[in-house]
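Peer 1: this one's sequence-less:
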């Protein structure tokens, strides 16, 4: 049975010992709602003060919400955005506010109750995974998508001394022993990628073993100490270990090769696996067309700055701009895709 997932930017089910659909998860879900009420009450005063002191003019005053604690991927994204907007005077007064918890859905719930246009939250795959996994009251459909900005890719790695030297060798071994060839990763997104690989290879995901780790560091240790045989993990976490000679990389889950690397994609190796950890900007609901257009212009200006382009390269991101009706459809498709993968996981 595929083991319970975690998420780089969502609640760690391994810590509470619950699997999706279990009574324990119901208790976790109730706790999430309670925590959300406390956190939202605590931050309401901040946003009231911020709005009163700075007004609602978008170019004068803006808050960027990172729906996770400091130091994670969402936080890094928003602080890089803050830097590019501040240095290039795109927005006069800009601040980052961290609202962690429940896979980003506490922040999502807060954003869904706001009306002022001068707040942007980063969101993406992690939000969708959390709202499906825990059936949270807040949904990404409740807010306004402004623009998708970047994607982050998972790579498939094995220990340097692994008998598997190619993806096909790993798949053959996995087919022969789905439970015995154990996988790890730093979050439920990584397990979703593993699930998509299993389906593409004709392996029942519910017969596989996924050992959840709390972030990329634990996943690397699980590989190095032999607890896991293979990993799906974020490029930025895993690739330095490949360069150091501790791990071997067998493929990248992307439609095209990442510039500057020679890592073959899973697609070119015969496995149609392209699920990415994408990040987009979202605004409160109910904004006017003019306000949405202004927010899109601000994001467009920020991603053209030298500071932002340097951040993309430094964080191993891939620019993936998308907006308007195409972005709306993309989000809907991702919800359907991730929902189906969770069902396959059992």
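Peer 2: Yep, that arrived. Computed from a predicted model, the values in this text were never measured in an experiment.

Peer 1: and residue 158, what is it in contact with?
Peer 2: Residues near residue 158 by C-beta atoms under 8 Å, 6 or more residues apart in numbering: 164, 170, 223, 229, 230, 231, 247, 248, 250. In this view, the C-beta of every residue, glycine as well, is placed from N, C-alpha and C.

Peer 1: show me the contacts for the second one.
Peer 2: Meaning residue 170. Here residue 170 is in contact with 156, 158, 164, 181, 230, 250 (C-beta under 8 Å, 6+ apart).

Peer 1: And the helices in the stretch 151-300 of the chain?
Peer 2: Counting by DSSP state H, counting those that start in this stretch, the stretch 151-300 of the chain has helices at residues 167-176, 188-200, 216-224, 235-243, 289-302.

Peer 1: Would you mind finding the most buried of those?
Peer 2: Highest mean neighbour count among the helices of the stretch 151-300 of the chain (mean count of other C-beta atoms under 10 Å): helix 188-200, with a mean of 27.

Peer 1: What helices and strands are in contact with that helix?
Peer 2: Judged by 3 or more C-beta pairs under 8 Å, 6 or more residues apart in numbering; DSSP states H and E, the packing partners of helix 188-200 are helix 125-134, strand 154-159, strand 183-185, strand 210-212, strand 230-234, helix 324-345.

Peer 1: Now render the contacts of residue 158 as a markdown table, adding pLDDT and distance to residue 137.
Peer 2: Shown next, in a markdown table, are the contacts of residue 158 (pLDDT from 0 to 100; distance: C-beta to C-beta, whole Å):
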| residue | pLDDT | distance to residue 137 |
| --- | --- | --- |
| 164 | 98 | 43 |
| 170 | 98 | 40 |
| 223 | 97 | 37 |
| 229 | 98 | 39 |
| 230 | 98 | 36 |
| 231 | 98 | 33 |
| 247 | 98 | 40 |
| 248 | 98 | 43 |
| 250 | 98 | 40 |
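
Peer 1: Return the closest of the residues you listed with respect to residue 85.
Peer 2: Nearest to residue 85 out of the contacts of residue 158 is residue 231 (C-beta to C-beta; 35.3 Å).

Peer 1: so how far is residue 161 from residue 337?
Peer 2: Note on residue 337: its distance to residue 161, by C-beta to C-beta, to the nearest Å, is 35 Å.

Peer 1: Which one's more surrounded, the two?
Peer 2: Counted by other C-beta atoms under 10 Å, residue 337 and residue 161 do not tie: residue 337 has more neighbours, with 15 against 9.

Peer 1: Now that one: closest residue in space that isn't a chain neighbour?
Peer 2: residue 275 (7.3 Å; C-beta to C-beta, 6 or more residues apart in numbering).
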